[in-house]
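Trainee: Next come a sequence and a model predicted from it.
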Amino acid sequence: MRRDWNTPRGQVHRLTLESRILAGNPLGDPSTRELHVYTPAGHEAGGALPLLVDLVGFTGSGLSHTNWRAFTENVPERLDRLIADGVMGPVAVAFPDCYARLGGNQYINSAAIGRYEDYLIEEVVPFVESRFRCGGPGRRAVFGKSSGGYGAIMHGLRRADVWSAFACHSGDMAFELCYLGDVPKVLNELAKHGRSIESFLRHFEASPKPSEAEMAVINLLAMAATYDPAPGGEDYLGIRLPVDLHTGELIPARWQNWLAHDPALLIEHHADNLRRLKGIYIDCGDHDQFALHFGSRRAHRALDRLGIAHVYEEFPDDHTAVDYRMDRSLPFLEKALRAQPI
């Protein structure tokens with residue numbers, strides 16, 4: 001809902017992208033995806049714009065960030081206000097749809113979900129940049145919240161050849177804290193279906209209204225398919241949990257596969273990439289109900305220890321409805337991209 005109807009309005013372009021990379025993905029999700037792109041008011045008369053790519057949280061799609069919202073702004077309306085008020089300069093923003101059958105994905109390649117990292121880098125970015133005067137080397141940033149925050153920091157960690165800045169809002173980190181607490185609830189739900197992932201998913205997909213406990217199961221299954229995929233074996237859709245389904249005991253080899261994707265543990269391994277970036281922004285609510293503030297603190301501490309410049313902020317809130325934090329991150333990213341190379 002727009003705060004001031006006199007604010008100059010940018011345009012949301014609703015495009016369709018036929019993906020070669022997502023064609024034939026393991027979950028059978030569509031390869032033709034809608035892609036929204038925001039350009040600011042007056043862009044036609046302006047010069048080249050920095051490009052930001054918005055990664056939404058689990059169960060979301062980029063399309064949800066351009067929808068009308070009650071009592072608050074959607075992202076294009078927020079951008080209109082920030083630009084009109086002079087808080088930030090004009091940017092183009094892409095809103096890709098990366099929704100997958102399991103409720104979303106973490107924006108990295110998975111043999112059980114699909115090559116969404118490659119989709120973003122090899123198809124979405126070139127597609128947008130070829131149609132709008134935006135982006136290019138040194139002028140691309142990625143941002144997101146929750147699973148989107150995870151995707152943003154992972155892209156920043158590993159793909160400094162593509163991105164020059166990132167903003168991670170409440171991103172998944174410190175896996176033992178943010179995921180393992182749900183294991184008892186998940187196993188109790190799976191027990192209702194003979195501890196069969198296949199039986200649970202068939203029930204879930206036919207349910208008119210999944211319960212809170214069932215949503216916890218689908219979340220953990222999606223994470224398992226991301227961090228420890230096992231396609232081609234006896235596991236349904238290549239999904240296997242990192243615990244014994246009867247006793248809840250961790251299976252060490254599988255859990256190590258998960259930890260290999262934990263951003264809080266990867267900072268030092270990718271320090272050289274991080275030093276190439278023009279901007280790093282991380283924030284989290286100080287009582288996040290998924291304990292993500294602890295992982296964010298670990299990432300902040302590792303960056304400090306390595307002397308890598310970044311902005312880290314905690315704020316008095318939890319994980320829910322914190323899009324207002326974009327008032328901090330979006331201007332930060334725009335200014336970082338307009339700065340000279342490090």
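Mentor: Yes, it's here.
Trainee: sec struct for the spatially most central residue of the chain, please.
Mentor: Nearest to the mean C-alpha position of the chain, by CA atoms, centre = their mean, lies residue 148 at 1.4 Å. Three-state call for residue 148 (DSSP: H, G, I helix; E, B strand; the rest coil): helix.
Trainee: now the one 4 residues further on
Mentor: Assigned by three-state DSSP, the conformation of residue 152 is helix.
Trainee: if we can go back for a sec, over to the closest residue to the residue nearest to the centre of the chain other than its chain neighbours: give its phi and psi.
Mentor: In space, and not counting its chain neighbours, residue 148 is closest to residue 55: 3.5 Å by CB to CB, 6 or more residues apart in numbering. To be clear about C-beta, it is placed using only N, CA and C from the backbone, and glycine gets the same treatment. In terms of degrees, to the nearest 10, the main-chain angles of residue 55 are phi -110, psi 120.
Trainee: can you tell me how far residue 55 sits from residue 75?
Mentor: Taking CB to CB, to the nearest Å as the measure, residue 55 falls 12 Å from residue 75.
Trainee: before we move on, the earlier item: tell me what the residue nearest to residue 148 is bridged to.
Mentor: When assigned by DSSP bridges, residue 55 has beta-bridge partners residue 144.
Trainee: count of neighbours near it?
Mentor: 33 (other CB atoms under 10 Å).
Trainee: Over to the one 10 residues further on?
Mentor: The criterion is other CB under 10 Å. On that basis, residue 65 has 24 neighbouring residues.
Trainee: check contacts around the closest residue to it other than its chain neighbours.
Mentor: The shortest distance from residue 65 to any non-neighbouring residue, by CB to CB, 6+ apart, is to residue 75 (4.4 Å). Residue 75 makes contact with 38, 54, 65, 66, 93, 95, 323, 326, according to CB atoms under 8 Å, 6 or more residues apart in numbering.
Trainee: Wait, the fourth one touches residue 96, no?
Mentor: No. Distance between residue 66 and residue 96: 11.4 Å, which falls outside the contact criterion (CB atoms under 8 Å).
Trainee: the more surrounded of the two?
Mentor: Set side by side, residue 66 and residue 96 show more neighbours around residue 96, with 27 against 20, by other CB under 10 Å.
Trainee: wait, doesn't the more buried one sit right on residue 37?
Mentor: No. Using CB under 8 Å, residue 96 is not in contact with residue 37, being 9.5 Å away.
Trainee: Roughly how far does residue 321 sit from residue 169?
Mentor: 12 Å.
Trainee: actually residue 13, not the one I typed
Mentor: For residue 13, the distance to residue 169 - CB to CB - is 25 Å.
Trainee: okay, those two: which has more neighbours?
Mentor: residue 169 (27 against 15).
Trainee: Show me what that one is bridged to.
Mentor: residue 145, residue 283.
Trainee: just residue 13 next, same as before
Mentor: When bridges are called by DSSP bridges, residue 13 pairs up with residue 37.
Trainee: need the contact list for it.
Mentor: Contacts of residue 13 (CB under 8 Å, 6+ apart): 36, 37, 38, 39, 132.
Trainee: Please produce JSON lines containing the residues you listed, extended by distance to residue 188.
Mentor: Listed next are the contacts of residue 13 as JSON lines, based on distance: CB to CB, whole Å:
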{"residue": "36", "distance to residue 188": "39"}
{"residue": "37", "distance to residue 188": "44"}
{"residue": "38", "distance to residue 188": "43"}
{"residue": "39", "distance to residue 188": "49"}
{"residue": "132", "distance to residue 188": "49"}
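Trainee: In ChimeraX, how would I select the buried members of the residues you listed?
Mentor: Written as a ChimeraX command, the selection of buried residues from the contacts of residue 13, which uses 16 or more other CB atoms under 10 Å, is:
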select :36,37,38,39,132
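Trainee: any idea which of the contacts of residue 13 is closest to residue 317?
Mentor: Nearest to residue 317, judged by CB to CB, of those is residue 38 at 25.6 Å.
Trainee: Can you check the pLDDT for that closest one?
Mentor: For residue 38, the pLDDT comes out at 97.
Trainee: that older thread, list the contacts of the residue nearest to the centre of the chain.
Mentor: Taking CB under 8 Å, 6+ apart as the contact definition, residue 148 lies against 54, 55, 56, 57, 60, 107, 169, 171.
Trainee: Let me know the closest of these to residue 301.
Mentor: Among the contacts of residue 148, residue 171 lies closest to residue 301 (CB to CB), at 15.2 Å.
Trainee: Please enumerate the strands of the protein.
Mentor: Secondary structure of the chain (DSSP state E): strands located at 11-18, 32-39, 51-55, 92-96, 109-110, 114-115, 140-145, 165-169, 279-285, 311-315.
Trainee: JSON lines please, covering those and showing distance to residue 184.
Mentor: JSON lines is the format used below for the strands of the chain (distance: least, CB to CB, whole Å):
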{"stretch": "strand 11-18", "distance to residue 184": "41"}
{"stretch": "strand 32-39", "distance to residue 184": "36"}
{"stretch": "strand 51-55", "distance to residue 184": "30"}
{"stretch": "strand 92-96", "distance to residue 184": "35"}
{"stretch": "strand 109-110", "distance to residue 184": "25"}
{"stretch": "strand 114-115", "distance to residue 184": "30"}
{"stretch": "strand 140-145", "distance to residue 184": "27"}
{"stretch": "strand 165-169", "distance to residue 184": "28"}
{"stretch": "strand 279-285", "distance to residue 184": "25"}
{"stretch": "strand 311-315", "distance to residue 184": "29"}
